[in-house]
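[1] Got a sequence here, can you build the structure:
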Amino acid sequence: MYLAQSISSATVSLGLRCPGHNRLRRRVNLRSQSQTSRRVSPPTAWLAGRSNSRTHACKLSGSTPERRKARAHVRAQAHAQIQAEVDVAALADRAEVLGDMSLWAWRRNAIWQVVSFVVPALSISVADAMMTLVDTLCIGQFGSTAELAALGPNMVVFNFSSYVFMCVGLATITLMGRFLREGKEAEASRVVSQALIFGCLAGSVATVVITVAGPWLLAACGSTPEVTEIALVYLKIRALAIPAVVCVNAAQSGLMAQRNSARPALAVLTAALVNIVLDVIFIRNMGMGIAGAAIATVIGQFCALGMLILPYLHRDARVRLVAVLPERAHLMQFGSCVGPIFVVIAAKNVCYMLIQSAATSLQVLLVAAHQAVWSMWAVGAFCCSPMEQAALAFLPAARSGFEKRELVRMLLLGGTFVGLVAATCTCLPPLFNPQFFTRDPRLWAPMQTVCLQGFLAMTFAGLEVAVNGILLAEGETMFLARAMVTNLTITAAYFFTKGRSGALPDVWWGLVLFFFTRIVQALIRLSQISKRLTQHAKPTK
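    Modelled structure (predicted):
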């Protein structure tokens, strides 16, 4: 290297230039730089920091009181620094969400958005339960006590099918909302079209299964031999409406994804009015009894379906029905939305079936009294379910930890409020005016003995639905499944012991136990994951 440098300097000093002079000089300089970089020692600051850290660790190691106090002081300083950073980030999140609005103005706006979502969703939840309530009231006023008792096991079967198929509507609104936000109207049209096809197929299969296995299903729900024959008449006719029920659920969800809440509410109101008018005509005027109530319900459901299909057939509709066969990938996408929620809902309905089977295995008078109160209570329970849908719709879209915490508080308070209102509306009428439900005075006293239990259960149900929606939005599906299995075990143990005492109040205390255990488990889990709700406010390093 030194020889090359000498030759280069000599050449320059003599004014000579050889052809490879510049190339040789660049090569020599590069080699010199590379060798110099290999001889550079490590940075002094890094060595000093490493030495200081080792010295500091050595000073804090050991078990003397001074060293323990020093370690505690270091931990306290680190915690205070992290907490200060979190507080600063939380204030930044709050300022970003609120903007120029005050906190209470933002809360009023958020409450209005939740209410605007919950009220239309209410029509989806209570549609089929309202049909059953209308049948119960008309049978109680114009039918016999045996026919009123026959509605009990039928209500178990059809409430189970209606509640399970709510998964179809939930998956439809989830997928359509995603595609509409992305501007993919063609994909949204495919989703609602395939949901309606799936509803027709699944509803037809459910109709065949319920019709064929009707006697076994009624017996499994606790129907006595003297009631089974009457109940079977209602079951075979009412089963014809299941395809319409599933398609109504899908069509309503598709309209709500487009923020069209007027049409679902109008369709449900029309179906209820048709059912009431036909019940009076068939039961009171024509004397068709429980068969007339079933026919009126079927006609009302198909009227609602027709009203909900019309918006999709309009020429200027944003989402229209298309003739498309479901593909494997699309079915897998749809199943991924509906599957986890189906497991939780199915397990919850098994618990309801245990409660109903214990009630319908009592004496005929007690079964009729239970049915009169349960029909009203079931409508109130369905009125609470939109709080779960609101949690699934709003929490995943929260932009920060501040917004998520505010929404969680709002949903918990809203669930409690809805539960109290539903409990007041469903349990006070049987207590003070039982003759509104039936003209048989023998049923009034048993109905009044379960009003307290119904009030407590409904209040717990409102809060349970809100917490359940929050946990679903946070991805706690496996916990909810395990919790539901635990509740199923506790409920089954109760009804195989105390619930078989033959007293109607004991059956309703089992309902209170079911919702109380659900709330305890869900609130404990919610407190465990509460730190996750603030993670959006933590700074990223």
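
[2] How far does the longest helix along the chain sit from its chain's centre?
    Scanning the chain for the helix with the most residues, using DSSP state H, yields helix 103-142. On the basis of Cα atoms, centre = their mean, to the nearest Å, helix 103-142 sits 16 Å off its chain's mean C-alpha point.

[3] now stretch 449-462
    On Cα atoms, centre = their mean, the centre of stretch 449-462 falls 22 Å from the chain's centre.

[4] List the contacts of it.
    369-370, 373, 377, 380-381, 384, 387, 415-420, 422-424, 426-428, 430-431, 504-505, 507-509, 511-512, 514-516, 518-519 (Cβ atoms under 8 Å, 6 or more residues apart in numbering). (C-beta placed from N, C-alpha, C; glycine too.)

[5] hmm, which of those are the buried ones?
    369-370, 373, 377, 380-381, 384, 387, 415-416, 418-419, 422-423, 426-427, 430-431, 504, 507-509, 511-512, 514-516, 518-519 (16 or more other Cβ atoms under 10 Å).

[6] Sort out for me which of those residues are in helices.
    369-370, 373, 377, 380-381, 384, 387, 415-416, 418-419, 422-423, 426-427, 430-431, 504, 507-509, 511-512, 514-516, 518-519.

[7] wait, doesn't residue 191 sit right on residue 184?
    No. Taking contacts as Cβ atoms under 8 Å, residue 191 lies outside contact range of residue 184: 9.6 Å.

[8] who has more neighbours, those two?
    A side-by-side neighbour count of residue 191 and residue 184, using other Cβ atoms under 10 Å, places residue 191 first with 29 against 14.

[9] Work out for me the element the more buried one sits within.
    Here residue 191 sits within helix 185-212, counting by DSSP states H and E.

[10] which strands and helices sit next to that helix?
    Other helices and strands packing on helix 185-212, by 3 or more Cβ pairs under 8 Å, 6 or more residues apart in numbering; DSSP states H and E, are helix 145-164, helix 166-181, helix 225-238, helix 242-257, helix 328-360.

[11] repeat that for 10 Å
    helix 145-164, helix 166-181, helix 214-220, helix 225-238, helix 242-257, helix 290-313, helix 328-360 (3 or more Cβ pairs under 10 Å, 6 or more residues apart in numbering; DSSP states H and E).

[12] between it and helix 328-360, how big is the angle?
    40 degrees (axes from the mean of the first three to the mean of the last three Cα atoms, to 10 degrees).

[13] Averaged pLDDT, helix 185-212. What do you get?
    Across helix 185-212, pLDDT averages out at 88.

[14] Identify each buried residue in it, please.
    Quick answer for helix 185-212 (16+ other Cβ under 10 Å): 185, 187-199, 202-203, 206-207, 210-211.

[15] just the CA coordinates of stretch 150-166, formatted as CSV?
    Taking C-alpha atoms only, stretch 150-166 is exported to CSV below (Å, rounded to 0.1, in the frame of the first residue of the first chain):
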residue,chain,number,x,y,z
ALA,A,150,-100.8,-25.8,24.8
LEU,A,151,-99.1,-22.5,23.7
GLY,A,152,-96.4,-23.1,26.4
PRO,A,153,-94.3,-25.9,24.8
ASN,A,154,-94.9,-24.3,21.4
MET,A,155,-93.4,-21.1,22.5
VAL,A,156,-90.3,-22.9,23.6
VAL,A,157,-89.8,-24.4,20.2
PHE,A,158,-90.5,-21.3,18.1
ASN,A,159,-88.7,-18.9,20.4
PHE,A,160,-85.7,-21.2,20.1
SER,A,161,-85.8,-21.2,16.3
SER,A,162,-86.4,-17.5,16.1
TYR,A,163,-83.6,-16.6,18.5
VAL,A,164,-81.1,-19.0,16.8
PHE,A,165,-81.8,-17.6,13.4
MET,A,166,-81.0,-14.1,14.6
